[in-house]
Each structure stands twice: as C-alpha cells, then as structure tokens.
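1. just coords:
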C-alpha cells in the first residue's frame, strides 16, 4: 500500500525540480528534502521561495550557472589536503558568486527571508582578488601571480628569443644549405633542434636527439645553443617550483578562510534550491501556498505538477 507521500508523487516532483538546479549541490539538497512538520520551518521556507520567486519576476537573476559542487572539497579543506588547479578554480568561482550575491541590493521589507539569507554570506573580496591575480580566464597561471614568476617568464622569453635567433642564422647560412633537411625549428627531449640530413654531423657539430621515421634526417642540437637549452630547462624548472609555491599560498589562504567558505557553501547550496524551486513555479505559472492555522484546504485552478508537465492544459 502506498503512503500519502508516494500517492502525491513527492519524489517525482523533486526530480522535476532538480532539472532547474545549477549545481550538483543543489540537486543533493533537493534529493535530501523531506516533508516538514514544524509550522515555523514551513513558513520560513515558503517565505524564502516566495521572495526568490518575486525577485525573479522583477527581471532579477541570482546567476548561479557557474556554481560548483565544493562539498567534498570542503571536507578535504578541513583535513588539510592540497588541491589541483581545477579544484582551486571551483573554489574561485564559488567565492566570486558568493561575493556578488552578498552585494545584491534588496529591499528588506519586500524580500525579508531572501535578504536575511544573502546577508548571512561572508564576503571574501581579498581572496577573490588573489584568485583573479593568479588565474586567467582559461585557468592558466598569470604572470601577475607573483613578481618572481613574472621575472622567470621574462627570462624564458629572452632565452627563447636568443635560441631562435641563433638557429635562424644557422638555417640561413649558405655553408649549411646542403645539409638542412627542413627549415624549421622544433623540439626533442624539451630541447630546441633542427632537422638535418643523416650523416651530416661532421659538417655541423651538435648533439643528435633522434631520427625521423624515414631515417633520412636527424634532429640536431647545434653546439652553439647547448648552453642556452640548458638555461631554458633550468628556467622551466624554476617556473614549476614558483607555481607550486603560488598554489600553496592560495591553499593556505583557503584554509585561513575555511570557516567562511564552508558556511557560504551551505548557503549557496540552499540558494540553488530556492532558485530552482522559484523557476519551477514560474514555468508552471504557480503561486506559493498560504499556510493558515485552521484545517481548511482551498484549491483554486489547482494542477498537479506531474499532470501539468504531462499535459499543460490538464486541470484537476
């Protein structure tokens, strides 16, 4: 025998609402929902959804499309585990979203519960600035991440230019014209090389770094750029080391603010649900029910959500 909850299709309605969630966090929040028995909790939730609904109807948006699921990451943050760049960027997006939501201007009188929820968000502008200074739009580490990184990359650019200049000169010298297999500069074993005809190492001295598939040419690192290639490899190692330090400092900044980050994550999760529920109401052209103390049930032009999505004109 079905329970009243099953008869009402509670789980199926929840499934529809999850389609409006922006993140896995919101989906989890909806999936964990169960009927409330406390009048005060019911009133508070209905009021918050109604505030969100009215907020959206006034052509406002919470803009949660880029919201990331950081629940498991927050657990790891508490345990002191380090993060990959992709994981750090998830925190960055949520910090940016939280700071933006915190600054939304709301009329407390007309959006009381939504106002209270947004004001609970802890603003982290300095942390957002650190992420903006570190990462580019595509997740790359920017030169501005640290002065040392900017200096290393400048030296890398200068050294690469020196190597290219020396190799271009070799490729254009008449005495080597007969042994050059292809007028290109490429890399083998992370070292700059040029393709020369097999057996011509006696004409142009250098270190061979493999042969072509046809064995007609070899990849030669001329002796004149060996020192420059060594320098560039050392510089790349310095760059990796500095990036590790930059990411470590970001992680420590996250740990320093972990209490606020974890608190905000819980609020963002709740806001994702509120936004999903409000958009669900808008698509159904539904209104938020009014709860009264008297045992009276009045249904005007009522439509069951499941029937509505099956056939929108169906009324019960």
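-> All right, it came through fine. Since the model is a prediction, treat every value here as computed from it, not as a measurement.

2. Helix, strand or coil: sort out residue 298 for me.
-> coil (DSSP: H, G, I helix; E, B strand; the rest coil).

3. Check which residues of the strand or helix carrying residue 229 are buried.
-> Per DSSP states H and E, residue 229 falls inside helix 226-256. The neighbour-count criterion (16 or more other CB atoms under 10 Å) identifies 228-229, 231-232, 235, 238-239, 242-243, 246-247, 250-251, 253-254 as the buried residues of helix 226-256. For the C-beta atoms, the positions are set from N, CA and C on the backbone; glycine is no exception.

4. right, and the helix or strand after it?
-> Following helix 226-256 in sequence, per DSSP H and E, is helix 258-284.

5. now the angle between helix 226-256 and that next one, please.
-> Interaxial angle of helix 258-284 relative to helix 226-256 (axes from the mean of the first three to the mean of the last three CA atoms, to 10 degrees): 80 degrees.

6. wait, which of the buried residues of helix 226-256 is closest to residue 44?
-> residue 254 (31.1 Å; CB to CB).

7. how about that closest one, what does it touch?
-> 77, 83, 88, 91, 127, 261 (CB atoms under 8 Å, 6 or more residues apart in numbering).

8. if I look at the spatially most central residue of the chain, how far off is residue 136?
-> The residue lying closest to the centre of the chain (CA atoms, centre = their mean) is residue 90, at 3.9 Å. Distance, residue 90 to residue 136, by CB to CB, to the nearest Å: 16 Å.

9. Torsion angles phi and psi at residue 185?
-> phi -110, psi 130 (degrees, to the nearest 10).

10. shouldn't it be in contact with residue 169?
-> No - applying CB atoms under 8 Å as the test, residue 185 and residue 169 come out as separate, 11.4 Å apart.

11. Between the two, point out the one with more neighbours.
-> residue 185 (17 against 11; other CB atoms under 10 Å).

12. Just give the nearest non-adjacent residue to the more buried one, would you?
-> residue 167 (5.0 Å; CB to CB, 6 or more residues apart in numbering).

13. Pull the number of nearby residues for that neighbour.
-> If we define neighbours as other CB under 10 Å, then residue 167 has 20 of them.

14. And the pLDDT at it?
-> Per-residue confidence (pLDDT) for residue 167: 94.

15. Could you do residue 311 as well?
-> For residue 311, pLDDT reads 66.

16. Ok, residue 192 next?
-> Per the predicted model, pLDDT is 95 at residue 192.

17. How about residue 177?
-> 87.

18. Then residue 314?
-> So residue 314 comes in at 45 (pLDDT).

19. Run through the stretch 201-316 of the chain and note the low-pLDDT ranges.
-> 311-316 (pLDDT under 70).

20. try 50 this time
-> Scanning the stretch 201-316 of the chain with the threshold set as pLDDT under 50 gives 313-316.

21. for residue 197, what are its contacts?
-> 178, 179, 180, 181, 216, 217, 218.

22. got the contact list for the third one?
-> Spelled out, it's residue 180. By CB under 8 Å, 6+ apart, the residues touching residue 180 are 171, 194, 195, 196, 197.

23. mind redoing it with 7 Å?
-> 171, 196 (CB atoms under 7 Å, 6 or more residues apart in numbering).

24. hang on, the earlier thing: most neighbours, which of the contacts of residue 254?
-> That'd be residue 91 among the contacts of residue 254, by other CB under 10 Å, with 24 neighbours.

25. Distance-wise, check that residue relative to residue 251.
-> Distance, residue 91 to residue 251, by CB to CB: 10 Å.

26. cool, residue 229 as well?
-> From residue 229 to residue 251 the distance is 33 Å (CB to CB).
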